[in-house]
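Chemist: structural data only, the sequence is not supplied:
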């Protein structure tokens, strides 16, 4: 089977849409999906800074959605024609997977970031027969088709706009999952979100949907305007006395804070903005040591790293689509679509902050 895909051949090169070859159909437990749309996530772009740990050449993309065109047998639980959202890969049998915590799978890094599944890896090549890296996040969905383990997949209502749903499998799932799962935010609780990108704004929308009071911190006025549209209180990251201002706005300090920036200064500000026993969750990958200022962890405050919003995708994604249908999680307002052929423009716009969530359409169609 031959189809188009965006291939990244080196850490410095641009993406190139090429013909790739899948030499066999789905194995047991796999499905073949025709991709309708795929979100571009910061994790895809971070491959360029992975110090060689992510193998290239590769087809990236891990926020895919589409329609099942072939299954590897009845054990997948899916049928041809099903509309599906693709999420992260996990082994399914380690202690954390068995404990409904697949985001903390013992093999998460190797399966999703640094090589992917080794089974049947050689069947995926470029047009010249050169090997491409095994599936990125179990998907490699910057492409017209993706071969996916069935456990990565969540069936969705076919009346939903399938080409826009892919980011629910990672970026929007991470922000909303932090609110619902990691923190367990309830009505009237207080949350400070640092960084109003795709993850941060998903957290804002989720907090608003549940009736929490939210403060959003960012340095871009247009991002703060979006956060305010979703009923957060906007604060510029450069504001003088930022922790004190958040404490005033949240009646003595936020119960929860979410940092999506990885900025050491903002992480310290977030800790100082918490009330006693408050919890700060980090989602950005830190590349250097994190210096914590004296007093930031006093009085029961805590800090932890959150992965994929502590989500079981099969439970959270239907919750998010239900909230969207009810008008309470308007994630589509964060999306701008691009034809797959314009992937390099989408990357430039994402890096420059001109778009919150690019979604690539393999057939170039508009929603």
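Modeler: Perfect, thanks for sending it. Fair warning: this is a prediction, and the values are worked out from it, not measured in the lab.

Chemist: contacts for the helix or strand of the chain with the lowest mean pLDDT, please.
Modeler: When each helix and strand of the chain is scored by mean pLDDT, DSSP states H and E, helix 42-45 comes last, with a mean of 88. Under the contact criterion C-beta atoms under 8 Å, 6 or more residues apart in numbering, helix 42-45 has outside partners 60-62, 113, 136, 142, 170, 197, 347, 350-351. Heads up, the C-betas are built off the backbone N, CA and C, glycines and all.

Chemist: show me which of those residues is closest to residue 302.
Modeler: Nearest to residue 302 among the contacts of helix 42-45 is residue 197, at 23.9 Å by C-beta to C-beta.

Chemist: quick one: neighbours of that closest one, just the number.
Modeler: Using other C-beta atoms under 10 Å, residue 197 has 23 other residues around it.

Chemist: that one against residue 356, yeah?
Modeler: Yes. Taking contacts as C-beta atoms under 8 Å, residue 197 lies within contact range of residue 356: 6.2 Å.

Chemist: for residue 313, state which of the contacts of helix 42-45 is nearest.
Modeler: Proximity of the contacts of helix 42-45 to residue 313 (C-beta to C-beta) peaks at residue 170, which lies at 9.1 Å.

Chemist: gap between the closest one and residue 194?
Modeler: For residue 170, the distance to residue 194 equals 19 Å [C-beta to C-beta, to the nearest Å].

Chemist: filter the contacts of helix 42-45 to the buried ones?
Modeler: Taking 16 or more other C-beta atoms under 10 Å as the criterion, what is buried in the contacts of helix 42-45 is 60-62, 113, 136, 142, 170, 197, 347, 350.

Chemist: quick one: least confident of those?
Modeler: Lowest pLDDT of the buried ones among the contacts of helix 42-45: residue 113, 85.

Chemist: distance check, that one against residue 268.
Modeler: 28 Å.

Chemist: give the contact list for the residue lying closest to residue 334 once chain neighbours are set aside.
Modeler: Nearest non-adjacent residue to residue 334, counting by C-beta to C-beta, 6 or more residues apart in numbering: residue 356, 4.3 Å away. Neighbouring residues of residue 356 by C-beta under 8 Å, 6+ apart: 197-198, 201, 223, 226, 334-336.

Chemist: in what helix or strand does residue 146 lie?
Modeler: Following DSSP states H and E, one finds residue 146 within strand 145-149.

Chemist: determine the set of other helices and strands touching that strand.
Modeler: Helices and strands touching strand 145-149, by 3 or more C-beta pairs under 8 Å, 6 or more residues apart in numbering; DSSP states H and E, are strand 30-39, strand 64-71.

Chemist: so how far is the next helix-or-strand element following the last one from its chain's centroid?
Modeler: Looking back up the chat, that one is strand 64-71. Tracing the chain past strand 64-71, the next element assigned as helix or strand by DSSP H and E is strand 83-86. Its chain's average C-alpha position is 14 Å from that of strand 83-86, according to C-alpha atoms, centre = their mean, to the nearest Å.

Chemist: now do stretch 182-192
Modeler: Taking mean C-alpha positions (C-alpha atoms, centre = their mean), stretch 182-192 and its chain are 20 Å apart.

Chemist: same check, this time on stretch 165-175
Modeler: Taking the mean of its C-alpha atoms, stretch 165-175 sits 5 Å from the chain's own mean (C-alpha atoms, centre = their mean).

Chemist: and the end-to-end length of that stretch?
Modeler: Its start and end residues considered, stretch 165-175 measures 15 Å (C-alpha to C-alpha, to the nearest Å).

Chemist: likewise for stretch 78-93?
Modeler: 20 Å.

Chemist: residue 308 contacts residue 90, doesn't it?
Modeler: No. Using C-beta under 8 Å, residue 308 makes no contact with residue 90, being 9.6 Å away.

Chemist: need the residues that contact whatever helix or strand comes next after the least confident helix or strand of the chain.
Modeler: Heading C-terminal from helix 42-45, the first helix or strand you meet, by DSSP H and E, is strand 58-59. The contact list for strand 58-59 (C-beta under 8 Å, 6+ apart) reads 5-8, 20, 47, 124, 132-133, 136, 140-143.

Chemist: ok, which of the helices and strands packed on strand 145-149 comes nearest residue 187?
Modeler: Nearest of those to residue 187, taken as C-beta to C-beta: strand 30-39 at 29.7 Å.

Chemist: same question for stretch 39-51: list its buried residues.
Modeler: 39-44, 47.

Chemist: with distance to residue 84 added, can I get these in TSV?
Modeler: Compiled in TSV, the buried residues of stretch 39-51 are given as follows (distance: C-beta to C-beta, whole Å):
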residue	distance to residue 84
39	14
40	19
41	18
42	23
43	20
44	20
47	24
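
Chemist: could you report the pLDDT at the residue nearest to residue 334?
Modeler: Residue 356 carries a pLDDT value of 96.

Chemist: any idea how far residue 195 is from it?
Modeler: From residue 356 to residue 195 the distance is 11 Å (C-beta to C-beta).

Chemist: what of residue 40?
Modeler: Remark: distance between residue 40 and residue 195 (C-beta to C-beta) = 17 Å.

Chemist: same deal with residue 304?
Modeler: In terms of C-beta to C-beta, residue 304 sits 17 Å off from residue 195.

Chemist: among these two, which residue is more densely surrounded?
Modeler: Set residue 304 next to residue 195 and count neighbours by other C-beta under 10 Å: residue 195 wins out with 26 against 9.
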